[in-house]
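Trainee: Take a look and give me a structure for this.
(chains A and B)
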Number of protein chains: 2
Amino acid sequence: MDLETLKSLVVKAETKIVLLVLDGLGGLPVESGGATALEAARTPNLDAAAAQGVTGLVDPVAPGITPGSGPGHLALFGYDPVEYRIGRGVLEALGIDFELTPADIAARGNFCTLDEVGRITDRRAGRISTEACAELSRLLDTIQVEGIEVFVRPVKEHRFVVVFRGDGLSDQLTESDPQRLGEAPLKIEAKVPEAERAAGLVNAFIEKARSLLREKHPANMILLRGLARHPNIPTFQELYQLRVAAIAVYPMYRGLGKLAGMEALATGPSVRDEFEVLRQHWQAYDFFYVHVKGTDTAGEDGNFPAKVAVIEEVDRELPTVLALHPDVLVVTGDHSTPAALKTHSWHPVPLLLSARWCRPDGVREFSERGCVQGGLGRLRGKEILPLALAHALHLVKFGA
Amino acid sequence: MDLETLKSLVVKAETKIVLLVLDGLGGLPVESGGATALEAARTPNLDAAAAQGVTGLVDPVAPGITPGSGPGHLALFGYDPVEYRIGRGVLEALGIDFELTPADIAARGNFCTLDEVGRITDRRAGRISTEACAELSRLLDTIQVEGIEVFVRPVKEHRFVVVFRGDGLSDQLTESDPQRLGEAPLKIEAKVPEAERAAGLVNAFIEKARSLLREKHPANMILLRGLARHPNIPTFQELYQLRVAAIAVYPMYRGLGKLAGMEALATGPSVRDEFEVLRQHWQAYDFFYVHVKGTDTAGEDGNFPAKVAVIEEVDRELPTVLALHPDVLVVTGDHSTPAALKTHSWHPVPLLLSARWCRPDGVREFSERGCVQGGLGRLRGKEILPLALAHALHLVKFGA
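Mentor: Next up, the predicted model:
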C-alpha cells in the first residue's frame, strides 16, 4: 500500500512499539546441514517471544537482491527502497554525523595520487593515515566558492565528505572518479540543464583543491563520487503522528533514523547501554528503533562464534526491554550477513513480532528454519511497519 | 525490482546456471487425498537435490491466473509477463521456427468457408488436412503486396502463419475473424492513425487471398487474428552479460528462448539427448535453459501414469546434469498441467533451487506438499531469475 493511503488510516493510540534491528541477522550454516548463527545461539528469551508471537521471513528489497544498509533500513522504516534512494554522499555524511539540510549536496571524496602529467596512479593516495586525512580535510575546508558554502570533513584513511550548501543546487551530476588508473580525473558534468550551475561550482571547488594539494604528494588530488541531495523523505511524524527515537551506536544508523524524522538518543556502546537508554526514555516516545551493530560486524569478519555471542548478548539483555511491556516488539535485521560469505547477502531475514494482538503460529524458536514455518509468511521489508502499526492499534480499517 | 535496476547490479562471475523447465510440472491428486504425479513419481535424485537445496512454490503470473506457455516462460526468464506480451501471431511463428525480424508483423491465420454471399459458415474450413493446408499456403505465399514482403507458412490442419515484413509497420490492428458464424469477415482496421498504412496492406493481402481461394471450397477464405510485432524484449546479454543457450525439442520453446537472446542448440528428442547436448556445450555458455515437454503433453492428455513416467525419466537422467556441478540448478515448470484437468491450470508450480550458497530448509522431497514448507516460500515466476543470479554471485548489493 502506498504511504499516502497508509497515512490516511493512522490514528492515535496509547501504545508503544520497539523495532529491534540486529544488523545482518540472517545467516547460513557453516557446514552443509549445520546450524546458522541464530540457530546455534542459546536464546531462551527470543525463543519465548517467538513462541508467544508470530514469525516470518523478510526480503528487505526483493528476492535475490542483497541490500546495502541504506535500502535495508529504509525498508524497515516502511519506505519502498527502490523508490526512495539514498545517494552515497548522503550516506557518508550521515556516517560522520554531519547534519545535512535540504539545501545540501553531499559527495564521497577520495584523496588520490596524480603523476606529473595529471593521470591517476593511485585512487586512494596510498591509503594515507586518518590523521593526514583530517589535516588535509581542514585545508580543503578553507576553500571558498562564490555563492555557496562548502564543508569538508574527514572520514577514515583516504576518505572524506564534502558538502556543498546553496539554494537550488541540483544533484543531477556525474562523478569525477574514472574508476581506472592512467586516466585524468573527469570533469563533473550536468546530467540535466538545471544542474549546469551546480556542476560549475563543484568543478571550481575541485580546481581549488588541486592547487592547494599540488605539493601534498601522494594526496595531491581528489576524486568525488555519489553526489546527492538529502532525500526528501516523509517523516514518521508526518505519516504516523509518532514520536520516534533512534538508539544506535554508529552515526550512519542514527543518520538513517534522522532521515525518517527520528530523534537520535545518546547511548553507550554496549547492548546493555542501548537497552538502558530505551528504558530511560520510555515515556517520551511512541516508537523506538534500536540498532545492534555487532551481528553484522561479526558476519563481515567471517566470525561465526562472535556472531553467536552477540545474539546471545542481546538475548541476555532482552528482559530489560520485555520488562517495559512494549505493545509491539519487532526483532529482525536489515539484511543477512552470513559469516560463511563475510558480506551482506540476499537471503531472507528472520522476523519476530510479539504483541497482545498477534496470532500465534506454533513456531517455538527464533531461527531461520523456524521462521520458514511462521505465520507472517514471506514479507517484503516495507510491509513490516504497517504490521507493527496494526498490532499497536494505530490503523483504522480501510474502506467502509 | 525493475529490470533496469536489476541490470545495474549485474557483475561477471565464473559460474554456471541451469534452468530445467518441466513443462506443466505442477499437478493435482487424481483422487481426493491422493498423490500428485510429482509425488507419485520415484525421484531419488530430485529429492536429494531438494534436501541439499531450497524449495518453494511459484505463481508464474499471479495467484489464480493460468499461464499460457508464452507468459509462463517469459516469467521464468525474469520478465514481467503482464508487461511484456507476446502476440498470438508471434507465438505461432515461433512455433514453426520462422525467424522473425524487428520489421515483421505476424498473424495467426485460419482457412475458413464462406457461403455464396460471403458469410462465414465454418471458421475452420472443415479442418482441412495439414497437406491441403501446406498446398494452399504455398499458393498464398505467391501473393505480392507492393512495398512489403509477405510470407505464408502452414501450421497444422486449417492453421497457418502469415508474416508481413516492411519498415515502420504498426501492429495496432484489429482482427478479421468475427468469431461468429453467419457474418462476413471483418476488415482489418487501424487502432491508431500510424497503423493506417499497415491496415491497408493487410487488407490488400486478404483480398488477393480471397481471389486465389475462390474455387477452393471449403477453404475459400482466410481469417487473421493476433497480428503482432516481434516484441522488443531486452535480452539476457544486454541485461546480464550472460552467454545463454536454449535446449528444447519443440520450436516454440526454442523461439521463446531466442526472444530472450538465447542460442538454440540442436538436440535429439529424448531427455537423455537434451542432457547430452547440455554436457557437450557446457564450456560455451553461462546459462542453460533446458525444456522438457513430456510432462505437459501427458497432463494435457489426462494421462497421469505417463506424466509420472516422464518425471521419473528426468530423475533417472539427472546425474548427467549433476555431474557437471552447476553452481545453480533450478528445477521448476512454466505452469501446472494436472492430468485431472487435462489443461494448463493456475495452481502454483513446485520450485527447487540447489546451490552452494542456498540456505537449506529441511524439505527432503521435491513435491507439491514438500514445497509448501520450502524456504523460498511463495514466489512470482519473475522472481526466480534474480534468485538464480544471486546464488551464482552475479549481483552486487543494492545501495550503499
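
Trainee: domain parsing for chain A?
Mentor: For chain A, automatic domain parsing gives the domain ranges A:3-85+A:233-391, A:90-229.

Trainee: Most tightly packed of these?
Mentor: domain A:3-85+A:233-391 (a mean of 21; mean count of other CB atoms under 10 Å in any protein chain shown). Glycine gets a C-beta too; all of them are placed from N, C-alpha and C.

Trainee: end to end, how far does that domain reach?
Mentor: Separation of the first and last residues of domain A:3-85+A:233-391 by CA to CA, to the nearest Å is 18 Å.

Trainee: before we move on, what about stretch A:73-88?
Mentor: Termini of stretch A:73-88 sit 15 Å apart (CA to CA).

Trainee: out of the domains of chain A, which comes closest to chain B?
Mentor: domain A:3-85+A:233-391 (3.3 Å; CB to the nearest CB).

Trainee: Check the average confidence over that closest one, would you?
Mentor: The predicted model assigns domain A:3-85+A:233-391 a mean pLDDT of 96.

Trainee: and that domain, how far from the chain's centre?
Mentor: Averaging C-alpha positions (CA atoms, centre = their mean, to the nearest Å) puts domain A:3-85+A:233-391 12 Å from its chain's average.

Trainee: does chain B sit close to that domain?
Mentor: Yes. Against chain B, domain A:3-85+A:233-391 shows contacts by CB under 8 Å from any CB of the partner chain at A:28-29, A:32-33, A:36, A:57, A:61-71, A:81-82, A:85, A:341, A:343-348, A:368-369, A:372-373, A:377-378.

Trainee: In helices, which of the residues you listed fall?
Mentor: A:Ser69, A:Gly70, A:Pro71, A:Glu368, A:Arg369, A:Val372 (DSSP state H).

Trainee: quick one: which of those is nearest to B:Glu196?
Mentor: Distance to B:Glu196, by CB to CB, is smallest for A:Pro71 among those, at 47.5 Å.

Trainee: Tell me who's in contact with the closest one.
Mentor: Contact analysis of A:Pro71 by CB atoms under 8 Å, 6 or more residues apart in numbering or on different chains lists A:Pro60, A:Val61, A:Pro81, A:Val82, A:Arg85, A:Ile86, B:Phe398, B:Gly399.

Trainee: Could you do A:Gly374 as well?
Mentor: Contacts of A:Gly374 by CB under 8 Å, 6+ apart are A:Val54, A:Thr55, A:Gly56, A:Leu57, A:Leu351, A:Asp361, A:Val363.

Trainee: and with 6 Å instead?
Mentor: By CB atoms under 6 Å, 6 or more residues apart in numbering or on different chains, the contact set of A:Gly374 is A:Thr55, A:Gly56, A:Asp361, A:Val363.

Trainee: Report the separation between the second one and A:Pro350.
Mentor: Yep, that's A:Gly56 we're talking about. Distance, A:Gly56 to A:Pro350, by CB to CB, to the nearest Å: 8 Å.

Trainee: Setting the sequence-adjacent residues aside, check what's closest to A:Arg254.
Mentor: A:Ala264 (3.9 Å; CB to CB, 6 or more residues apart in numbering or on different chains).

Trainee: bridging residues for that neighbour?
Mentor: A:Ala246 (DSSP bridges).

Trainee: which residues touch it?
Mentor: Contacts of A:Ala264 by CB under 6 Å, 6+ apart are A:Ala246, A:Arg254, A:Lys258.

Trainee: try 10 Å this time
Mentor: By CB atoms under 10 Å, 6 or more residues apart in numbering or on different chains, A:Ala264 lies in contact with A:97, A:245-248, A:251, A:253-258, A:289.

Trainee: again, but for A:Glu183
Mentor: Counting by CB under 10 Å, 6+ apart, A:Glu183 touches A:Gly118, A:Arg119, A:Ile120, A:Asp177.

Trainee: Next: A:Tyr289.
Mentor: A:17-21, A:73, A:76-77, A:236, A:244-248, A:253-254, A:256-257, A:260, A:262, A:264, A:330.

Trainee: Inside strands: which ones of these?
Mentor: Residues of the contacts of A:Tyr289 located in strands (DSSP state E): A:Ile17, A:Val18, A:Leu19, A:Leu20, A:Val21, A:Val244, A:Ala245, A:Ala246, A:Ile247, A:Ala248, A:Ala264, A:Val330.

Trainee: Look up which helix or strand the closest residue to the fifth one other than its chain neighbours falls in, please.
Mentor: I take that to be A:Val21. When the adjacent residues along the chain are set aside, A:Val21 lies closest to A:His291, with 5.1 Å between them (CB to CB, 6+ apart). Taking DSSP states H and E as the criterion, A:His291 maps to strand A:287-292.

Trainee: For A:Thr66, list the residues it contacts.
Mentor: Contacts for A:Thr66 (CB under 10 Å, 6+ apart) come out as A:60, A:72, A:335-337, A:341, A:343-347, B:9, B:390, B:395-399.

Trainee: Which residues are in contact with A:Leu9?
Mentor: A:Leu9 is in contact with A:Met1, A:Tyr240, A:Pro386, A:Leu389, A:Ala390, A:His394, A:Leu395, A:Val396, A:Lys397, A:Phe398, A:Gly399, counting by CB under 10 Å, 6+ apart.

Trainee: again, but for A:Arg316
Mentor: By CB under 10 Å, 6+ apart, A:Arg316 lies in contact with A:Arg42, A:Thr43, A:Pro44, A:Asn45, A:Val271, A:Arg272.

Trainee: can you check A:Gly89 too?
Mentor: A:100, A:104-109, A:161-164, A:171, A:175, A:224-230, B:400.

Trainee: mind listing which of the residues you listed are in strands?
Mentor: The members of these that map onto strands under DSSP E are A:104-109, A:161-164, A:224-229.

Trainee: ok, and which of those residues reach chain B?
Mentor: A:Arg108, A:Gly226 (CB under 10 Å from any CB of the partner chain).

Trainee: out of the ones in strands among the contacts of A:Gly89, who's nearest A:Ala284?
Mentor: Nearest member of these to A:Ala284, counting by CB to CB, is A:Asp104, at 28.8 Å.

Trainee: The closest one contacts A:Pro231, doesn't it?
Mentor: No. Counting by CB atoms under 10 Å, A:Asp104 stays clear of A:Pro231, with 11.2 Å between them.

Trainee: residues touching the closest residue to A:Val277 other than its chain neighbours, list them.
Mentor: With CB to CB, 6+ apart as the criterion, A:Val277 has its nearest non-adjacent residue at 4.5 Å, and that residue is A:Thr267. Going by CB under 10 Å, 6+ apart, A:Thr267 touches A:246-249, A:254, A:273-278, A:280, A:290-291.

Trainee: Compute the distance between A:Asp231 and chain B, please.
Mentor: Just to correct that, residue A:231 is Pro rather than Asp. Distance of A:Pro231 to chain B, computed by CB to the nearest CB, to the nearest Å: 12 Å.

Trainee: Quick one: neighbours of that residue, just the number.
Mentor: By other CB atoms under 10 Å in any protein chain shown, 17 other residues sit near A:Pro231.

Trainee: Tell me who's in contact with it.
Mentor: Counted by CB under 10 Å, 6+ apart, A:Pro231 has contacts A:Gly70, A:Leu74, A:Tyr79, A:Tyr84, A:Arg85, A:Ile86, A:Gly87, A:Val90, A:Leu100, A:Pro102, A:Asp171, A:Leu259.

Trainee: Among the contacts of A:Arg316, name the ones in helices.
Mentor: A:Pro44, A:Asn45, A:Val271, A:Arg272.

Trainee: ok, so of those, who is nearest B:Leu140?
Mentor: Nearest member of the ones in helices among the contacts of A:Arg316 to B:Leu140, counting by CB to CB, is A:Asn45, at 77.5 Å.

Trainee: Now the closest one: closest residue in space that isn't a chain neighbour?
Mentor: Nearest one to A:Asn45, counting by CB to CB, 6+ apart, is A:Leu318 at 4.2 Å.

Trainee: can I assume the one you found is in contact with A:Pro44?
Mentor: Yes. With contact defined as CB under 10 Å, A:Leu318 reaches A:Pro44; the gap is 9.3 Å.
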